[in-house]
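Student: What follows is a predicted protein model with its sequence.
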Amino acid sequence: MKILVINAGSSSLKYQLYDMTDESVLAKGLVERIGMDSSILTHKPTGKEEVTEVSDILEHTTAMRKVLEKLVDKTHGVLNSIDEIDAVGHRVVHGGEAFKSSALITGEVKSEIRRLFDLAPLHNPPSMMGISAAEANLPNVPHTVVFDTAFHQTMPEKAYLYAIPKVLYKKHKVRRYGFHGTSHAYVSKTAAEFLQRPIEDLKIITCHIGNGASLTAVKDGISVDTSMGMTPLEGLIMGTRSGDLDPAIVPYVMNKEELTMNEVNSMLNKHSGLLAISGSSSDMRDITDGWEAGKPNETLAFEMYEYRLRKYIGAYAAAMNGVDVIVFTAGVGENSAIVREAVCQNLTYLGVEIDKELNKVRSGDPRRISTPNSKVEVLVVPTNEELMIARDTLRIVQESKG
Ligand code: AMP
């Protein structure tokens, strides 16, 4: 079965085509600048040259058509006909409380995703554009949807409710949802497989630290707490997001600086985090370079980042009454040996001991970086959200056929 995975943003459309007989990627690519002058389509067929094409692509349906043309192109294509595509899996950020798992797309499912626009105004509308575009171009195959929030729907009330008037939850669904769920699910499952232990017996802390970052406490294979909240702003210090702060700061700063709601939202999401503390960059490579060179702002940014991350690991070890496995993933987690070492050297009270040489090894495969003496397994597991979406799509399509 061949499955096309789609991840649509407001002006972009990412795709990967899988052959699920061996879970291999046949081709992947990206359309950028949709709706702007000079849209760019980058297409990479596996084992062949990457191609880039510049044209004016005004909306997602045309973008999708161009992608399909590339997939069947005589020179750069990987399919003889688009009829070879058996199903399409879509990534949608917010599934609210309605979606506790991935789903086959129906009219009712689309209405529910639209009802959730309020909770995810930046993310869900572009996803719907992606779904409409793909359905218009591939009307005869099943489409499925995989939500970033779904994995966290297992959290207990004590973890997902905020200590504010409950009417806000009842009327407006104000609660913790958590994000990066597809990644947390994938890396926790992969970690258990790597260790050859049943996931139901493990207490795992998954650290998805990329430009956006979140931690999840995975106990018995399910999410019991996660650091992002009603929106992806809560929790860790991120590239440009503040993470946790005293909520009273928001009205105080709005008043003092005469900021609007949009301006304060933009400040906390786009102009905070590593970028704000360092004053120079949101990229961890620049921060660690600056830290190594002894630059004071980058050093402070690095120390604050590591400190917040370590506090959350401690909190989730407390939440689960212990931890068996810590998993690092995403851009920083997979690539920054410096961040991993800094965090782990302050977790000795949990019995964490990493092998500094193993920690420096680069590989695209899951690997252990803890010593045989370590009481906690510390792993680096490259995330693969697209593969998880393709697997879920395969499962749903097979189940729907009975
Ligand atoms: P992601 O959001 O998962 O794609 O992660 C992107 C982020 O990963 C970048 O903004 C960088 O901060 C970080 N990153 C990527 N490569 C490295 C590296 N070699 N060392 C440290 N950080 C990295």
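Tutor: That came through, no problem.
Student: so how far is residue 365 from the residue of the stretch 151-300 of the chain found nearest the ligand?
Tutor: Sorted by distance to the ligand under CB to the nearest ligand atom, the residues of the stretch 151-300 of the chain start with residue 210, at 2.2 Å. C-betas here are computed from N, CA, C, even on glycine. Distance of residue 210 to residue 365, given as CB to CB, to the nearest Å: 19 Å.
Student: Show me which residues of the stretch 301-402 of the chain are close to the ligand?
Tutor: By CB under 6 Å from any ligand atom, the residues of the stretch 301-402 of the chain that approach the ligand are 330-332, 335-336.
Student: Isn't residue 305 up against residue 276?
Tutor: No. Assessed by CB atoms under 8 Å, residue 305 is found out of contact with residue 276, at 11.7 Å.
Student: who has more neighbours, these two?
Tutor: residue 305 (29 against 18; other CB atoms under 10 Å).
Student: neighbours of the closest residue to the more buried one other than its chain neighbours, just the number please.
Tutor: Distance criterion CB to CB, 6 or more residues apart in numbering; nearest residue to residue 305, sequence neighbours excluded, is residue 237 at 4.8 Å. Burial of residue 237, expressed as a neighbour count using other CB under 10 Å, amounts to 22.
Student: now do residue 143
Tutor: By other CB under 10 Å, 23 other residues sit near residue 143.
Student: Equivalent analysis for residue 332, please.
Tutor: 27.
Student: if I've got this straight, it is in a strand?
Tutor: No. Judged by DSSP: H, G, I helix; E, B strand; the rest coil, residue 332 forms no part of a strand; its state is helix.
Student: Quick check: which ranges of the stretch 301-402 of the chain have low pLDDT?
Tutor: Within the stretch 301-402 of the chain, no range satisfies pLDDT under 70.
Student: do you know how far the closest residue to the ligand within it is from residue 49?
Tutor: Among the residues of the stretch 301-402 of the chain, residue 331 lies closest to the ligand, at 2.0 Å counting by CB to the nearest ligand atom. Using CB to CB, we find residue 331 at a distance of 26 Å from residue 49.
Student: quick one, which of the two is more surrounded?
Tutor: Using other CB under 10 Å, the more surrounded residue of residue 331 and residue 49 is residue 331, with 18 against 9.
Student: who's in contact with that one?
Tutor: Shown in contact with residue 331 (CB atoms under 8 Å, 6 or more residues apart in numbering): 209-211, 284.
Student: May I ask which of the residues you listed has the most neighbours?
Tutor: residue 209 (29 neighbours).
Student: So what does it have for phi and psi?
Tutor: Per-residue torsions, residue 209: phi -120, psi 100 (degrees, to the nearest 10).
Student: List the buried residues of stretch 166-175.
Tutor: Buried residues in stretch 166-175, counting neighbours by 16 or more other CB atoms under 10 Å, are found at 174-175.
Student: now that stretch: mean pLDDT?
Tutor: On average, the pLDDT along stretch 166-175 is 97.
Student: and what of stretch 105-119?
Tutor: Averaged across stretch 105-119, pLDDT comes to 94.
Student: Show me what from the stretch 151-300 of the chain comes close to the ligand.
Tutor: Contact residues, the stretch 151-300 of the chain versus the ligand (CB under 6 Å from any ligand atom): 210-211, 239, 283-285.
Student: so how many other residues sit close to residue 323?
Tutor: By the measure other CB under 10 Å, the count of residues near residue 323 is 25.
Student: Verify the contact between it and residue 203 for me.
Tutor: Yes. The criterion here is CB under 8 Å, and residue 323 meets it with residue 203 at 5.1 Å.
Student: shared neighbours of these two, anything?
Tutor: Here residue 323 and residue 203 have residue 317 as joint contacts, going by CB under 8 Å, 6+ apart.
Student: From residue 274, how far off is the residue nearest to residue 354 when sequence neighbours are not counted?
Tutor: Among residues not flanking residue 354 along the chain, residue 344 sits closest, at 4.6 Å (CB to CB, 6+ apart). Taking CB to CB as the measure, residue 344 falls 20 Å from residue 274.
Student: Right, I'll leave it there.
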